[in-house]
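Undergrad: Okay, sequence plus prediction incoming.
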Amino acid sequence: MTSDDEDKQDRTGPLGKDQRYFDNSAEVIADKAKLWTNSRRQHVVRQVLAAPNREMSLRQLAQNLRDYIDERSDQNPDYDDVRQTLRRRHLPLLSEHDVIDFEDNMIRPGPEFGAAVELLVRNDPRV
């Protein structure tokens, strides 16, 4: 096999599974950046990290996030709104990127959870 043939083969890329080293790398980087620029998704990772046995219910997470938002802003978010936003937007995105596993209203670390924590620590050593 020549080096040209090797370049054409699919490989696991440095930014995620089933990514090619050369194709779509800017798109992959943009997706990862979008994943981490949201403070609510960062909060999900912090809460799972701090939870007993590294797992928590959607109910616990929604209540905790509602309190967190309430303490740090002028907003007074409704629990049901926070829970629905987590369920429909934030948790599926984190699950799609293997950061968490979300099944039966339980949130647990996924295969990429350690990398997510490492990234958070780099950006905020207080984590």
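TA: Now that the structure is in, tell me what you want to look at.
Undergrad: now the residue nearest to the spatial centre of the chain, what's its secondary structure?
TA: Centroid-nearest residue in the chain: residue 94, 3.5 Å away (criterion: C-alpha atoms, centre = their mean). Secondary structure, DSSP: H, G, I helix; E, B strand; the rest coil: residue 94 is helix.
Undergrad: That one and residue 76, how far apart?
TA: Distance from residue 94 to residue 76, counting by C-beta to C-beta, to the nearest Å: 25 Å. (Glycine included, C-beta is placed from N, CA and C.)
Undergrad: most residues in a single helix of the protein, which one?
TA: Taking DSSP state H as the criterion, the chain has its longest helix at helix 58-72.
Undergrad: Check which residues of it are buried.
TA: By neighbour count on 16 or more other C-beta atoms under 10 Å, the buried set for helix 58-72 is 58, 61-62, 64-66, 68-69.
Undergrad: Out of the residues you listed, give me the two with the largest separation.
TA: Greatest spatial distance among those (C-beta to C-beta): 58 and 69, at 16.0 Å.
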